[in-house]
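1. here are the coordinates; sequence isn't available:
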């Protein structure tokens with residue numbers, strides 16, 4: 001009886017294993033139908049021929065100009081995008097927000113005393129006040145500078161050698177890393193001094209904080225950007241120096257005391273009105289499910305924000321334009337979002353996610369383009385590892401234009417970050433960022449930096465990815 005039972009159990013186990021093996025061998029239903037894949041090739045071909053995103057970018061940058069939060073240009077840009085989307089027949093909503101309103105004002109810096117100077121002279125410096133900085137006193141600040149390479153050196157010097165002085169953080173943007181195509185990684189290393197330098201310096205009694213620009217330009221341009229304060233630490237003014245002027249100060253400081261005169265007229269005004277522009281191309285079968293395609297509409301007040309991020313908004317706008325041109329309607333709703341206030345607050349992305357918190361399960365995917373306008377080498381994604389395999393059929397199509405790589409990241413976009421953190425599969429174009437940070441947050445971020453052929457490839461990637469996800473036969477892993 002025991003032998004018979006054992007034999008029976010062996011038979012049951014064997015049958016179970018065979019059944020499991022056969023089930024594993026059964027092909028899973030493809031995420032994209034052949035009809036969708038054929039349509040994706042049409043979408044790609046149409047986008048590679050279209051100049052529409054290029055034209056929209058030209059208007060946003062050349063005609064409207066800088067679009068800093070709280071300015072008339074920001075409001076004009078919001079209305080322009082809304083009007084253009086309405087022309088395509090999309091349902092448009094203006095999500096009202098309260099956004100920070102910071103004004104740069106006067107900014108001037110000059111060296112007034114150093115070893116070997118000619119009597120009666122000064123040396124003018126190229127600076128940009130950091131976003132959110134307080135002003136200097138009306139008469140300005142004149143003080144000795146102390147140069148440090150990093151936070152550790154600041155700590156070693158201590159209050160005795162820092163108090164009453166202007167700290168210059170001379171941390172160098174790693175151009176070798178950037179030249180190898182890892183500009184974003186180089187930026188990530190340098191930007192901590194921009195964002196937190198004033199807090200660290202103030203803890204030791206400094207009267208102002210200057211940082212070597214967190215960017216790659218070697219054309220005596222200073223890179224602006226946001227900075228932070230700690231409520232528990234005295235606020236001091238903060239600004240960025242050009243690479244050349246940071247080198248100048250560091251060189252002179254090795255020879256003897258250097259004094260600087262600094263005058264910044266920055267001002268923080270009451271929060272202003274702003275809007276996320278939200279435009280829906282309604283889905284034919286699952287209209288309650290949403291695929292976001294997006295960029296941020298605001299820019300810094302220097303340059304005209306062509307690379308950061310008018311181009312990203314324009315290629316997002318072109319997705320429904322191409323589909324309308326081809327007479328294609330997605331199964332899910334494709335939602336174009338031009339976010340407000342990414343640069344100095346991230347209000348747009350946070351407020352959208354907060355509003356949609358009870359409907360996030362209906363957000364099928366989110367795409368954001370916000371690292372310039374250059375040839376995309378592929379797709380970045382945030383989410384489960386299986387997402388990479390799921391989008392392989394899309395990559396096969398994009399390989400014909402040299403955009404077939406994929407890489408998994410923890411996050412792929414600042415504005416869609418709150419959605420990513422809540423489990424929404426997220427995507428972004430994967431760029432070689434070798435040159436992007438030469439222009440980022442400077443006066444040189446202007447329309448002439450955009451190559452129309454590279455913009456077409458970016459627009460094609462955005463359109464192919466958005467339409468594919470909107471037509472997927474099943475859910476993405478999440």
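-> Now that the structure is in, tell me what you want to look at. Remember, predicted model here, so these are calculated numbers, not experimental data. Residues are numbered from 1 along each chain as shown.

2. which sections of the stretch 201-350 of the chain are below the confidence cut-off?
-> For the stretch 201-350 of the chain, no stretch is flagged by pLDDT under 70.

3. any chance you could map the strands in it?
-> 208-212, 238-241, 259-264, 267-281, 286-296, 332-339 (DSSP state E, counting those that start in this stretch).

4. Please apply the same query to the stretch 51-200 of the chain.
-> Counting by DSSP E, counting those that start in this stretch, one finds strands in the stretch 51-200 of the chain at the ranges 91-103, 107-113, 123-125, 127-129, 141-148, 166-169.

5. possible to save the ones you listed as JSON lines with mean pLDDT, distance to residue 451 and mean neighbour count?
-> Yep, even glycine has a C-beta here, placed from its N, CA and C like the rest. Formatted as JSON lines, the strands of the stretch 51-200 of the chain follow (pLDDT from 0 to 100; distance: least, CB to CB, whole Å; neighbours: other CB atoms under 10 Å):
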{"stretch": "strand 91-103", "mean pLDDT": "98", "distance to residue 451": "30", "mean neighbour count": "17"}
{"stretch": "strand 107-113", "mean pLDDT": "98", "distance to residue 451": "32", "mean neighbour count": "18"}
{"stretch": "strand 123-125", "mean pLDDT": "98", "distance to residue 451": "33", "mean neighbour count": "16"}
{"stretch": "strand 127-129", "mean pLDDT": "98", "distance to residue 451": "26", "mean neighbour count": "24"}
{"stretch": "strand 141-148", "mean pLDDT": "98", "distance to residue 451": "38", "mean neighbour count": "19"}
{"stretch": "strand 166-169", "mean pLDDT": "98", "distance to residue 451": "34", "mean neighbour count": "28"}
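
6. could those strands be laid out in a markdown table, adding distance to residue 204?
-> Formatted as a markdown table, the strands of the stretch 51-200 of the chain follow (distance: least, CB to CB, whole Å):
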| stretch | distance to residue 204 |
| --- | --- |
| strand 91-103 | 26 |
| strand 107-113 | 21 |
| strand 123-125 | 23 |
| strand 127-129 | 22 |
| strand 141-148 | 10 |
| strand 166-169 | 8 |
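
7. looking at those strands, which is closest to residue 275?
-> Residue 275 lies closest, by CB to CB, to one member of those: strand 91-103, at 4.3 Å.

8. The closest one pairs with which strands?
-> strand 267-281 (antiparallel) (DSSP bridges).

9. buried set for the partner strand?
-> 271, 272, 274, 275, 276, 277, 278, 279, 280, 281 (16 or more other CB atoms under 10 Å).

10. Can you pick out the most distant pair from those?
-> Across the buried residues of strand 267-281, the longest distance by CB to CB is 31.7 Å; it joins 271 and 281.

11. can I assume residue 367 is in contact with residue 295?
-> No. With contact defined as CB atoms under 8 Å, residue 367 does not count as touching residue 295 (9.5 Å).

12. Which neighbours do the two have in common?
-> residue 316 (CB atoms under 8 Å, 6 or more residues apart in numbering).

13. Kindly confirm my reading that residue 29 is in a helix.
-> No. Counting by DSSP: H, G, I helix; E, B strand; the rest coil, residue 29 is not found in a helix; it is coil.

14. so what's it up against?
-> Residues near residue 29 by CB under 8 Å, 6+ apart: 473, 474.

15. same thing with residue 470?
-> Counting by CB under 8 Å, 6+ apart, residue 470 has contacts 283, 291, 330, 331, 332, 333, 334, 364.

16. Now do the same for residue 59: its pLDDT.
-> The model reports residue 59 with a pLDDT of 98.

17. Residue 13 too?
-> Model confidence at residue 13, given as pLDDT, is 41.

18. Would you mind measuring from the spatially most central residue of the chain to residue 161?
-> Compute the mean C-alpha point of the chain, and by CA atoms, centre = their mean the closest residue is residue 370, 4.1 Å away. Plainly put, residue 370 is 40 Å away from residue 161 if you go by CB to CB, to the nearest Å.

19. likewise residue 199?
-> As judged by CB to CB, residue 199 and residue 161 stand 18 Å apart.

20. So between the two, which is more surrounded?
-> Applying other CB atoms under 10 Å to residue 199 and residue 161 shows that residue 199 carries more neighbours, namely 19 against 14.

21. That one against residue 228, yeah?
-> Yes. The pair residue 199 and residue 228 qualifies as a contact (CB under 8 Å) at a distance of 6.6 Å.

22. show me the contacts for residue 92.
-> 82, 85, 86, 277, 278, 279, 280.

23. a markdown table please, covering these and showing distance to residue 390.
-> What follows is the contacts of residue 92, written out as a markdown table (distance: CB to CB, whole Å):
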| residue | distance to residue 390 |
| --- | --- |
| 82 | 33 |
| 85 | 29 |
| 86 | 34 |
| 277 | 30 |
| 278 | 27 |
| 279 | 27 |
| 280 | 24 |
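
24. In TSV, list the buried residues of strand 267-281 along with distance to residue 191.
-> TSV is the format used below for the buried residues of strand 267-281 (distance: CB to CB, whole Å):
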residue	distance to residue 191
271	25
272	26
274	24
275	28
276	25
277	28
278	29
279	32
280	35
281	36
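
25. Just tell me which of the strands of the stretch 51-200 of the chain ends up closest to residue 53.
-> Each of these has some distance to residue 53 by CB to CB; the shortest is strand 91-103, at 18.3 Å.

26. Would you mind getting the angle between that closest one and strand 332-339?
-> Counting by axes from the mean of the first three to the mean of the last three CA atoms, to 10 degrees, strand 91-103 lies at 20 degrees to strand 332-339.

27. So what's the gap between stretch 204-222 and the chain middle?
-> Offset of stretch 204-222 from its chain centre (CA atoms, centre = their mean, to the nearest Å): 21 Å.

28. ugh, wrong one, stretch 397-414
-> 15 Å.

29. ditto for stretch 176-189
-> 15 Å.

30. can you give me the end-to-end distance of that stretch?
-> From its first residue to its last, stretch 176-189 covers 13 Å (CA to CA, to the nearest Å).
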